[in-house]
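[1] Coordinates only, no sequence provided:
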């Protein structure tokens, strides 16, 4: 991971660290690594989205563990150094700065000790389509609903999950949401 971190310009690395801290503080739903990766690549750096996601996961684990153990900035930096870390100097400087400025908010948070182990809903989009024909059937006229859920996994990675449903499946899906809403109103 250290080799890949070396590739990331300091400003992008700092932005990713700050987004992870904000995610751990429940201020944003997650880190959009796809968008960040595209911006890094546009700046001329060759990095794979999978590698960037791994780095985000490592940083999320680092910050959440530091919060759970209520580490000071110096303790965190000492641990990073003593673990035989080969992190580039600019990365250590960014981690030091971000933790010094914003880490205490996580450490003070009650939720820091019980970080979520499930994802978080971010957005939902849907569209209605009609399959007009296929290579085996000339006249389908078959309606379907495509749903795209945007979710942030526990580490803060934002991903889209898309699926299609028949109209009866969508009606069942909708009915279940209505049931959830009515149960929530009684709480």
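    Structure's in. What do you need? All figures in this text were calculated on a predicted structure; none of them were measured in a lab.
[2] can we go C-alpha only for contacts and neighbour counts from here?
    Fine.
[3] buried stuff in the helix or strand where residue 127 lies?
    Applying DSSP states H and E as the criterion places residue 127 in strand 120-131. Neighbour-count burial for strand 120-131 flags residue 120 (criterion: 16 or more other Cα atoms under 10 Å).
[4] and the angle for the helix or strand following it with strand 120-131?
    If you walk from strand 120-131 toward the C-terminus, the next helix or strand you reach (DSSP H and E) is strand 142-152. Using axes from the mean of the first three to the mean of the last three Cα atoms, to 10 degrees, one finds that strand 142-152 and strand 120-131 are set 160 degrees apart in direction.
[5] Mind giving me the packing neighbours of the helix or strand that strand 142-152 is followed by?
    Following strand 142-152 in sequence order, the next helix or strand is strand 158-166 (DSSP H and E). Secondary structure elements in contact with strand 158-166, counted by 3 or more Cα pairs under 8 Å, 6 or more residues apart in numbering; DSSP states H and E, are strand 142-152.
[6] Can you give the strand pairings for the strand it packs on, parallel or anti for each?
    Neighbouring strands of strand 142-152 in its sheet, by DSSP bridges, are strand 120-131 (antiparallel), strand 158-166 (antiparallel).
[7] Nothing else from me, thank you.
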